[in-house]
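**Student:** For reference, the sequence and a predicted model appear below.
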Amino acid sequence: MKKNTFYIICGLLAVLLLLLFWLSIELSSPVIIAVSILIAAVLFFVLKKRVTDLVMDERSVLIDMKTAAATIKASVVLFLTVNLATIVYVFSGPLGFQSFTYHRQNDMMLPAGSLESVPYFPVPPETIPISQLGLFAVLQLILIVAALFIYVGFRFYYARKFGVWGEDEE
C-alpha cells in the first residue's frame with residue numbers, strides 16, 4: 001500500500017472514531033469508544049507495516065526521535081499546568097476541601113451569637129448536575145489534540161533543521 005493511501009485510511013478511521021464517540025455519548029456506553037480506540041490502534045499499526053514506499057533512513061529516525069522527545073517534554077508541561085489548575089478549580093468548589101461558608105457580623109436582632117454562617121454557593125453541592133463533570137473530559141480531549149499539534153509542530157521544526165525539504169547537496 002502507498003503512503004498516501006495509508007494517510008487517507010487513517011483520516012477515514014479518525015472520522016469513524018468521531019462518529020463512534022458521538023454514538024457512545026448518545027447511548028451512554030463508554031465501552032463502545034474504548035473498544036473502538038483499541039481496535040483502531042491495532043489496525044493503525046497493522047496498516048503501517050504494510051506501507052511499501054515509507055523511507056526510513058538515519059535522518060528520518062533522528063527526526064522522529066527528536067520530535068517524540070520534544071513532544072513528550074512540552075506535553076508534560078502542558079498537562080501538568082492544566083491538571084493543577086483543574087485540581088485547584090475542583091477543590092475550591094462544592095465537594096472539595098475548602099469550607100463553603102463565611103462568617104459575617106450578626107444582626108443585633110438575632111440572639112444566636114456574634115457571627116452568622118452564610119453559604120458561598122446558592123445551591124447545595126449535592127444538586128450540582130453531573131453533566132458539569134463532562135467539562136473535565138472535554139478538557140482532557142483538548143489536551144490530547146494539543147499534544148498532536150505540538151508533535152506536528154516539532155516534526156516540521158526538526159525536518160527543516162535537519163534538511164528534509166530539498167536542502168541536500170546532491
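**Tutor:** On my side now, so go ahead. Numbers count the residues shown, from 1 in each chain.

**Student:** C-alpha only now, for contacts and for neighbours.
**Tutor:** Fine.

**Student:** what residues go with each domain of the protein?
**Tutor:** Annotated domains of the chain cover 1-54, 56-170 [automatic domain parsing].

**Student:** Return the backbone torsion pair for Ser28.
**Tutor:** The phi and psi torsions at Ser28 (degrees, to the nearest 10) take the values phi 50, psi 40.

**Student:** and the closest residue to Ala159 other than its chain neighbours, which of the three is it?
**Tutor:** Once flanking residues are discounted, Ala159 sits nearest to Ile63: 6.3 Å by C-alpha to C-alpha, 6 or more residues apart in numbering. Using DSSP: H, G, I helix; E, B strand; the rest coil, the three-state assignment for Ile63 comes out as helix.

**Student:** likewise Val51?
**Tutor:** Assignment for Val51 (three-state DSSP): coil.

**Student:** just the helices in this structure please.
**Tutor:** Applying DSSP state H to the chain gives helices spanning 3-26, 30-49, 58-91, 134-161.

**Student:** pLDDT of the shortest one, averaged?
**Tutor:** The one in question is helix 30-49. Throughout helix 30-49, pLDDT has a mean value of 92.

**Student:** other SSEs contacting that helix?
**Tutor:** With contacts taken as 3 or more C-alpha pairs under 8 Å, 6 or more residues apart in numbering; DSSP states H and E, helix 30-49 sits against helix 3-26.

**Student:** The helix it packs on packs against which elements?
**Tutor:** Counting contacts by 3+ C-alpha pairs under 8 Å, 6+ apart, helix 3-26 packs against helix 30-49.

**Student:** List the buried residues in the helix it packs on.
**Tutor:** Using 16 or more other C-alpha atoms under 10 Å as the test for burial, helix 30-49 gives 32-33, 37, 40, 48.
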